[in-house]
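# Based on what follows, work out the 3D shape:
(2 chains)
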Amino acid sequence: NAGVTQTPKFQVLKTGQSMTLQCAQDMNHNSMYWYRQDPGMGLRLIYYSASEGTTDKGEVPNGYNVSRLNKREFSLRLESAAPSQTSVYFCASSDPRVNYGYTFGSGTRLTVV
Amino acid sequence: AQSVTQLGSHVSVSEGALVLLRCNYSSSVPPYLFWYVQYPNQGLQLLLKYTSAATLVKGINGFEAEFKKSETSFHLTKPSAHMSDAAEYFCAVSDLTGRRALTFGSGTRLQVQP
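Next up is the predicted model:
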């Protein structure tokens, strides 16, 4: 099925550990996004990528890095996890030329202890 | 900067009753507006979108929303609630720069009582 695939679905980290969240889309979209979702705060943009090799900071980029190695994949890295990064992370993609809607992945639930 | 305010973090209705979820936006230019639905432990699914065509927008599952520029509102309605409508609903406004990033409201959890 076409769409956005995120891995892993669940992860528990200890404070200070690092990890990479993976995201891949097969819809040939140029734009990809990483959001975090916290109770009562909706979704907040972490990073954005307009095309392969380009990235831009969003609303809450501190503590994160991203890589857009090719058109399909957009990864999010936590270099030194902190409890404040406990959240649900969503990747999304879109083709702004077509309909301005996002297609979301199913999310990664991350807990930092 | 654009922003979205969703009035009411929780809304409870009886099955068969009218659903009204409120959304107000702030934007310096005519916006693109969206409603998304999130079922438990799932990603967000697009319900409907307004992109400067008709002001009354129909979406999936019987939902619709009306863009009212004078009120800066984009409220979501459904004439008759179904148990399967229980979910969290998010209103979002599009960044009209090249990145087209969405700014989301804080969400409204809809509960449907039998």
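# quick one, what contacts A:Thr15?
Shown in contact with A:Thr15 (C-beta atoms under 8 Å, 6 or more residues apart in numbering or on different chains): A:81-83, A:112-113. Using the backbone N, CA and C atoms, a C-beta is placed for each residue, glycine as well.
# near chain A, which residues of chain B show up?
Contact residues, chain B versus chain A (C-beta under 8 Å from any C-beta of the partner chain): B:4, B:9, B:32, B:34, B:36, B:41-46, B:49, B:51, B:90, B:94, B:98-107.
# one step back: please identify which pair of the contacts of A:Thr15 lies farthest apart.
Across the contacts of A:Thr15, no pair lies farther apart than A:Ala82 and A:Val113, at 10.7 Å, counting by C-beta to C-beta.
# just the residues of chain A that are near chain B, which are they?
Checking chain A against chain B by C-beta under 8 Å from any C-beta, the hits are A:4, A:31, A:33, A:35, A:40-45, A:48, A:50, A:56, A:58, A:90, A:92, A:94, A:96, A:99-102, A:104-107.
# quick check, B:Glu88 in a helix?
No - read with DSSP: H, G, I helix; E, B strand; the rest coil, B:Glu88 is strand and lies in no helix.
# so it makes contact with B:Gln38?
Yes - taking contacts as C-beta atoms under 8 Å, B:Glu88 lies within contact range of B:Gln38: 4.7 Å.
# Have a look at these two and say which one is more surrounded.
B:Gln38 (21 against 18; other C-beta atoms under 10 Å in any protein chain shown).
# That one and B:Ala92: what is the separation?
Here B:Gln38 is placed at a distance of 12 Å from B:Ala92 (C-beta to C-beta, to the nearest Å).
# which residues in chain B form strands?
Applying DSSP state E to chain B gives strands spanning B:3-7, B:10-14, B:19-26, B:33-38, B:44-50, B:56-58, B:64-68, B:73-78, B:87-94, B:102-104, B:108-113.
# Closest to chain B out of the contacts of A:Thr15?
Distance to chain B across the contacts of A:Thr15 (C-beta to the nearest C-beta) is lowest for A:Val112, with 19.5 Å.
# what's the pLDDT at A:Val98?
We note a pLDDT of 67 for A:Val98 in this prediction.
# Find the residues that touch each one of B:Glu88 and B:Gln38.
Common contacts of B:Glu88 and B:Gln38 (C-beta under 8 Å, 6+ apart): B:Gly107.
# so where is the chain shaky, pLDDT-wise?
In the absence of a named chain, this looks at chain A. Scanning chain A for pLDDT under 70 picks out the ranges A:1-2, A:96, A:98-100.
# you looked at the wrong chain, it should be chain B
B:98-99.
# Spatially central residue (nearest the centroid) of it, please.
B:Trp35 (3.4 Å; C-alpha atoms, centre = their mean).
# Bridged to that one, which residues?
Per DSSP bridges, residues listed as beta-bridge partners of B:Trp35: B:Leu48, B:Cys91.
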